[in-house]
Every structure is written in C-alpha cells, then in structure tokens.
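[1] structure for this input, please:
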Amino acid sequence: MSLPLAISMGDPAGIGPEIALRAVASGQNAVILGDMGVLQAAAKRIGCTLPLRRVATPEAAQPGEISVIETSTLAEAPALGAVCATAGQAAYDAILAGIKLAKAGQVAGLVTAPIHKEALAAAGIAFPGHTEMLAHFSDGAKVAMMLVNDAIRTVLVTIHLSLRDAIAAADFNANLAAIRLAHRGCRALGIIAPRIAVAGLNPHAGEGGLFGREEIEIIAPAIAAARAEGLNATGPWPGDTVFLSARLGRFDVVVAQYHDQGLIPVKYMGLDEGVNITLGLPFIRTSPDHGTAFDIAGQNKANPASLIRACTLARQLAMAARS
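    Model (predicted):
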C-alpha cells in the first residue's frame, strides 16, 4: 500500500477541519494532523459517520476510519469564524508536524488546509503564509507558488508582499528563478517541453519603455538567460492578455510578477477548481486555492472539491517523482 498523504487541519476556526474530514471520507488515503476535539466536533456538524482514531504514525492508518495524528490538545475549541491566537497556534503546530513527516519520507506529501494570516500573527508567528513557512523549515529552499486549474497554470515571481515591495523584489534573479521553477513544475506535471510565457510588470508590458523600463532592464534579460539554458521562455507579454493566450493553448504556464496578477485569473475560474503547488521544496506540498471561509465555518456548507483536487494532484506528483 502506498504511503498516505498528510493533511494539516488548517485554522480550526475556519472550514479546514470540515473539508479535511470530507476529503478522507471521500476515499483519499491520508492522515489528518490536528486537534482531535476540534475534528470530532466538525465531524458531528457535517454528519461524518466514519470513526476517528488517534494514531502515532502515518503507517498506522487503516481504511474505513479517519486517522488523526494529534498535534494539539486545545482545552476549549476556538469560536468559529473569528480570528484567534489559539487557533493560529494550533494551525501552525499541525503544519510543522506535516513538514517533519514529509521531510522524513513518512508521507507521500503534505496537503495543507487553509490558515488565517491574522490568527498566525496573533499567535506571534512571524510567517505571512504557508509558502514562507515551508521554505524556512526546508533550509531556506528557493520556492515559488504554482497555481493550477483545468485552464491555466501560473507561477509567481513574488508572493506575499505589498505591491510596492513586490515591484522591488521582482528583480532579475527572482524572475530567472521563477522561470526555472515553472519549467520544473510543468515537467513534474507531465509536460515534457513547457512553453513558458513571462508576464510584464507594467501596463502593455511597458510599451517599449513608455510606461516603465522593468521589462527592458530586468524581465527581458532574465528571459534571455533562461533561453540560453534551453528553456522555452518568451515575453515579456502584457499581463492583461497573456492569461487568455494561455487558456487558448498558446502557453503551458504563465510566470506572473506579483500575487494578484497571477491569482486573479486562476481564482476567476472558480475557487473550487484551483490547486496551489509549492515548487522547490524537498517534498510535495499542495493546498486548495481558497481561504478559511470564516463566513460559512461550521454551517456544513464548505465544498471540499479544491482540497480533494489538491490531494489527487499531490498523489500524481508523488507517483511521477518515483518514476
């Protein structure tokens, strides 16, 4: 039997516990990392009939049950739908356990349910999101986010930064690293010779320098360096049309300069469709492309489709890595 995946429960005040339970109940071979009390309460709310059982290690998981590796023991469940330091700490503890298991090769990959950045901050945790946390605990690995749905793939040059800071951070080295990781990510997904489009930073990709010179002085040289390495990278392409070109089949992946440039097109296709892959880690990590949904937490309305897709894709990547 193949190794199970590890699913971190996410913020216990959000929909993470609910969708994690639904994912395992749907047949995913996975253990959930989190708080047993939180998960039992969530199971009751959603009418999950599979028994929950504490296990010490992933290999102890059995079919026909929901196996839980307990990473926190909260004295009281956090209020649903509210930012809470206790919830932020519990979410963080589950992620750290997942990183440890994944690095040790005890699970096929780590799938993370959504966390809340304000709750992390309230708990005194300095990381702005999963990606930075994963990189830090992987010896500072150079990583990038790849967002995937049925129509578009995109890789980000910069991630969780203010727009002002992202512009400064989207330098030559960051662009070249993102192009390389986009190539590797597509290859891992079975695309042998990826066609990589690199988006410009400015309107109309700078219009020949009329609207900014980043395309001329930074992005185009990074593309040229990537092409010298044999990568099929082109651009800079205008950010307002390049994703349509990718959707129509001209490109396999778009390298976007900043967070919203890359995520808005993916999320416009539907929050239940997207999956986030962290490229550059020494293990496989995926997540749903949506947040904690505090507004519907505990109401039995959360759709587990994106988390299930994240599990399926993590399993696909694990199989490809072994072949």
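
[2] so who does the closest residue to residue 14 other than its chain neighbours touch?
    Ranked by Cβ to Cβ, 6 or more residues apart in numbering and with sequence neighbours excluded, the top spatial neighbour of residue 14 is residue 292, at 2.9 Å. Bear in mind the C-beta positions are built from the backbone N, C-alpha and C, glycine included. Applying Cβ atoms under 8 Å, 6 or more residues apart in numbering to residue 292 gives the contacts 10-11, 13-16, 114-116.

[3] check whether residue 8 really touches residue 92, as I assumed.
    No: with contacts defined as Cβ atoms under 8 Å, residue 8 does not count as touching residue 92, sitting 9.4 Å away.

[4] what about the residue nearest to residue 14, distance to residue 36?
    Relative to residue 36, residue 292 is positioned 20 Å away (Cβ to Cβ, to the nearest Å).

[5] now residue 287
    22 Å.

[6] for residue 29, same thing?
    For residue 29, the distance to residue 36 - Cβ to Cβ - is 20 Å.

[7] ditto for residue 241
    Taking Cβ to Cβ, one finds residue 241 at 50 Å from residue 36.

[8] over to residue 228?
    Following Cβ to Cβ, the distance that separates residue 228 from residue 36 is 54 Å.

[9] contact partners for the residue nearest to residue 206 when sequence neighbours are not counted?
    Closest residue in space to residue 206, ignoring its immediate chain neighbours: residue 215 at 3.9 Å, by Cβ to Cβ, 6+ apart. For residue 215, the residues meeting the contact criterion (Cβ under 8 Å, 6+ apart) are 200-202, 205-206, 209, 236.

[10] and those residues, which is closest to residue 80?
    The shortest separation between residue 80 and any of the contacts of residue 215 is 40.0 Å, and it belongs to residue 201 (by Cβ to Cβ).

[11] what about that closest one, neighbour count?
    Counted with other Cβ atoms under 10 Å, the neighbours of residue 201 add up to 24.

[12] for it, which three-state class applies?
    Secondary structure state of residue 201, per DSSP: H, G, I helix; E, B strand; the rest coil, is coil.

[13] got it, and the one 10 residues further on?
    Local secondary structure at residue 211 is given as coil here, using three-state DSSP.

[14] nearest spatial neighbour of it, chain-adjacent residues omitted?
    Counting by Cβ to Cβ, 6+ apart, residue 202 is the residue found nearest to residue 211 once chain neighbours are left out, at 4.5 Å.

[15] shouldn't the one you found be in contact with residue 212?
    Yes: here residue 202 lies in contact with residue 212, judged by Cβ under 8 Å, at a distance of 3.8 Å.

[16] which residues touch the residue nearest to residue 33 when sequence neighbours are not counted?
    The shortest distance from residue 33 to any non-neighbouring residue, by Cβ to Cβ, 6+ apart, is to residue 94 (4.3 Å). Taking Cβ under 8 Å, 6+ apart as the criterion, residue 94 is in contact with 8-10, 33-34, 71-72.

[17] how does it look with 10 Å?
    Contact partners of residue 94, counting by Cβ atoms under 10 Å, 6 or more residues apart in numbering, are 6-12, 16, 20, 32-35, 69-72, 112-113, 115.
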